[in-house]
Structures are given as structure tokens and as C-alpha cells.
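> What follows is a predicted protein model with its sequence.
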Amino acid sequence: MARIKTRNKSVKSFYIVAIAGTLLGGCSLASDALWPSLTGEDPRQKTTVKSLPTSARVGVQKTLSRPPPPALGRTNFVAPRVTRGSATGTYVGQRVVELRRELKRLRSQIKQQNRRLQAIRRLTVQHSRIYHTTVGAVNARLQVGTTPGNPGLVKQWNVAQANLAQVEKDVAQMNKLANGVASTSTLSAFLLETTRAAYGLSGAIDEDHRQLSILEDEVNRTVVLIDRLLNELSEDISRQSNYLSSERINLNTLALAIKNGEILGASLANRAYATSAPSAGNIPASPTAATAGVRRPLIVIRNLPNAEYVQPLYNAVNRALQRRPNAMFDLVAVAPNRGNAARAALASSASKKNAETVLRSLSDMGLPLERVRLSALSSNTVQTNEVHLYVR
């Protein structure tokens, strides 16, 4: 087993065992309550455990690369020109002049909205680049190692959060613009219907109908242009909203990395949500039911609260989610069943507090808490309090 040194003055040894551990064959986890009351039995046999490499403490698969912000649309929406017409002196001719005037007003409105859209896009790209530059600098510093809670990194994290808030404001401006474009779309549809209805007016001459056909084509092209503008804007909003949601979770995980002074990676939630979690009806009633009584812990954590367990825990859960994006987890507090009833109760209470600490760490890493089920047991074979994490 790998021996990991703590940062306390008095050096303590502890072990974190991944992908193996003590078989808890005789222990029953039958209740879904927060802390079900369980009677632990001695495991029927032991298995040889594999030690976690020392490199796991500083991250097995670290990377500074982050997914780039989603691409924005690049279309420059220019409404077609309005063809000039000549007065015919008829009522229908006057109506054509009024409709042409409305089309010009509509074209001017589209021009303003397109100008606003291009400005918002430029700002969004600028703010996204600044955000990713800041986050990249924080990750680069964590990559080489730093002190826990480094004030410089905390300051950079605050800057990154402010930059992300700017992107959020840009998305809000896109939403506001989309509402305006939707109104313009409604107006263009009404103008097209009115233009087509003008064909039915009496008293028209051939020139009136000729100008009406030209006007109808131009209104029709304008309607198509507005629809494309609205669709592209909606796609931009959707992509940017998903991006914002993902990066907010990543920022929370980055805050945990700064707190511990070592890089973790992207939030576990981004991988966990890649595939929808199974419904409650598909979850076994007890963890042991899914594995016929034989379960191996994904990771075992001892000597809390002094154990430096965050990075190995992240690596273990991340690998599990890579294999099974819809994985659920059981977090088990294991207490030694030694001494009188009072000592056993104290050990059980301390073990549960340790499990709650690990649960908070999982939450900070972005793992949805509805994917984790807490339970507790006592064992005659463990020498100290332990926290076991199982894949369900």
C-alpha cells in the first residue's frame, strides 16, 4: 500500500486502497434511510489489496486543456433592398405604396437587430476568452502544486467568476434580442398576408399587380431571413446556456482544488449528466442484492480527518463514471466493533461524521448527491474507522 504523508507537524500514516479492499460479505445494507441501523458480521474472507500509486495523490490523468466555448453563429443578416415603384393613381397603387413603406420600416428594424446581434457576439467571444485564460492560469498553477487556499488563486478564481457572469449577461441580452426578433417575425408574417390580400382589391391595373408581385417576393425573402435570424439566435442561446451551466459546476470543482492546493479536473457532474441516471425503480433494494453478496469497494479511506483523500477519491469516481456514466454509489461508514457498547457507539458516531465529510467532498466535485446513498455498519476486522465507496 502507498504511504501518504500528511501536512500536520506530527506525520501520520494512512492508506487509501482503490479497486480492492475487505470483502463485507456478512454485512447487510437493507435500509435506504440516511443512516440505517446495521449489525456487522465478520467478513468471510480477506482478499489481497492493491496499493494506490503515489502518483494518484497528485492526479493520474491531469490535463490543462478545457473544452472551448461553444461556437456562435456567423451569419450577417442583411435584408433585401426594397424596389422602388411608381404611382399609378389607383387605390390599389396607394395601398402598394403603404405596404412598401411598411417593408422599409421592417428592413430598418432588422438592420438594427442584426447590428445588435453582431455586437453581442463579439462581447461574448471576448468575455469567454478572458474567462478561459483566467481558468487556464489557475489550472497551470495547480498543475505544478501550490499551498492550500493560495490567496493569489482565490483572487483569480473570483476574476473568473466575474468573467463568467459577464457571459451570463451576454446570454440575457441574447434572450432580450430574441424577444424583439420574435415580434419582428410576427410583423413580417402579417405584412406578407396583407400584401397577398391586396391582390383581391378591386380597381387595380396591370402595373399595380406587377408591383405587388415584386413586393410580395421581397416580403417573402424578408420573412425567410427573419426566421433564419431567430433560429440561429435560439441556437446560440441554447448552446451558451448549456455552456454556462457546465462552467458554473466546473468553477465549484476548481474552488475545491484551490482549497486543497492540487488540481482535480472537470466537474464530475459534467460526466455524470452525460447519461441520465437510472430510475428509482431500477435501483436494487440493497447494495448487496446487485452483486450476490460480494462487493469490492471502489476506494477505502482511513485516518480521517487528516487523510489527503480528495485527489484519489476524484480519480476513482472519475474512472468509474468513464466506464459507467449512469453509475450510482454507496458511501458506507465502517466502524470497529470493539470494546463495550459505549465505545462502539462513539466509534460509530465518528465513522458517520467521516462519511459525511467525504460526502461533502463528492458534492464539491460536482457529483449529484442523489447518486450517493449513505449507510453505516460495524465490523470485527477493522482496526480504525473507515469510509468505503462502492459502485452500485
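On my side now, so go ahead.

> how does the chain divide into domains?
According to automatic domain parsing, the chain comprises the domains 16-62+267-391, 91-260.

> any chance of these in a markdown table, with mean neighbour count, mean pLDDT and distance to G73 too?
The C-beta positions use only the backbone N, C-alpha and C, and glycine is treated the same way. Listed next are those as a markdown table, based on neighbours: other C-beta atoms under 10 Å; pLDDT from 0 to 100; distance: least, C-beta to C-beta, whole Å:
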| stretch | mean neighbour count | mean pLDDT | distance to G73 |
| --- | --- | --- | --- |
| domain 16-62+267-391 | 18 | 65 | 24 |
| domain 91-260 | 17 | 91 | 4 |
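
> mind checking which of those is nearest T75?
Closest to T75 of the domains of the chain, according to C-beta to C-beta: domain 91-260, at 5.8 Å.

> Can you give me the first-to-last residue distance of that closest one?
The first residue of domain 91-260 is 79 Å away from its last residue (C-alpha to C-alpha, to the nearest Å).

> Off-centre distance for that domain?
Relative to the chain's own centre, domain 91-260 is displaced by 22 Å; criterion: C-alpha atoms, centre = their mean, to the nearest Å.

> likewise stretch 354-365?
Counting by C-alpha atoms, centre = their mean, stretch 354-365 is centred 19 Å from the centre of its parent chain.

> so which of the domains of the chain comes closest to P69?
For P69, the closest of the domains of the chain is domain 91-260, at 4.0 Å, according to C-beta to C-beta.

> element containing the residue nearest the centre of the chain?
Centrality entry for the chain: nearest residue to the mean C-alpha point is S246, 2.7 Å, by C-alpha atoms, centre = their mean. Here S246, judged by DSSP states H and E, is contained in helix 206-260.

> Would you map the strands across this protein?
Here the chain has its strands, by DSSP state E, at 16-18, 299-302, 329-336, 372-379, 386-391.

> Just put those in CSV and tack on distance to P312.
Formatted as CSV, these follow (distance: least, C-beta to C-beta, whole Å):
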stretch, distance to P312
strand 16-18, 5
strand 299-302, 7
strand 329-336, 15
strand 372-379, 17
strand 386-391, 11
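
> separation between the closest residue to N114 other than its chain neighbours and R228?
Distances taken as C-beta to C-beta, 6 or more residues apart in numbering place F77 nearest to N114, at 4.4 Å, with adjacent residues excluded. Counting by C-beta to C-beta, to the nearest Å, the gap from F77 to R228 is 7 Å.

> so what's N385 closest to, chain neighbours aside?
S351 (4.2 Å).

> so what's that neighbour up against?
Contact analysis of S351 by C-beta atoms under 8 Å, 6 or more residues apart in numbering lists A333, V334, A335, A376, N385, E386, V387.

> just these now: which is nearest S86?
V387 (86.1 Å).

> Leaving out chain neighbours, which residue sits closest to the closest one?
Closest residue in space to V387, ignoring its immediate chain neighbours: I301 at 4.5 Å, by C-beta to C-beta, 6+ apart.

> what's across from that neighbour in the sheet?
I16, V387 (DSSP bridges).

> now it: how far from G145?
Using C-beta to C-beta, we find I301 at a distance of 22 Å from G145.

> now do L331
The value you get for L331 to G145, if C-beta to C-beta is used, is 28 Å.

> what's the answer for R107, then?
Distance from R107 to G145, by C-beta to C-beta: 60 Å.

> With G180 instead?
Between G180 and G145 the distance, using C-beta to C-beta, works out to 50 Å.

> Please look at T83 and V219 and confirm they touch.
No: the pair T83 / V219 is not scored as a contact, 11.3 Å apart, by C-beta atoms under 8 Å.

> Contact partners for L215?
Per C-beta under 8 Å, 6+ apart, neighbours of L215: T83, G85, V96, L99, R100, L103, T195.

> From those residues, which land in helices?
Within the contacts of L215, residues falling in helices by DSSP state H are V96, L99, R100, L103, T195.

> Tell me which two of those residues sit farthest apart.
Using C-beta to C-beta, the ones in helices among the contacts of L215 reach their maximum pairwise distance at V96 and L103, which is 10.4 Å.

> follow-up on the earlier one: now, which of the ones in helices among the contacts of L215 sits nearest N306?
Among those, and counting by C-beta to C-beta, the member closest to N306 is L103, at 74.7 Å.

> So what's the residue count around the closest residue to that closest one other than its chain neighbours?
Nearest non-adjacent residue to L103, counting by C-beta to C-beta, 6+ apart: V82, 5.4 Å away. Using other C-beta atoms under 10 Å, V82 is surrounded by 17 other residues.

> Check N76 too.
What N76 shows, counting by other C-beta under 10 Å, is a neighbour count of 9.

> quick one: contacts for it?
Applying C-beta under 8 Å, 6+ apart to N76 gives the contacts N114, Q118.

> Quick check: it vs Q173, distance?
Distance, N76 to Q173, using C-beta to C-beta: 18 Å.

> How about A350?
52 Å.

> go on, N318?
N318 sits 36 Å away from Q173, going by C-beta to C-beta.

> Phi, psi for the closest residue in space to G261 that isn't next to it in sequence please.
The shortest distance from G261 to any non-neighbouring residue, by C-beta to C-beta, 6+ apart, is to P148 (4.0 Å). Backbone geometry at P148, expressed as degrees, to the nearest 10, gives phi -60, psi 130.

> same thing with L304?
Main-chain torsions, L304, degrees, to the nearest 10: phi -70, psi 150.
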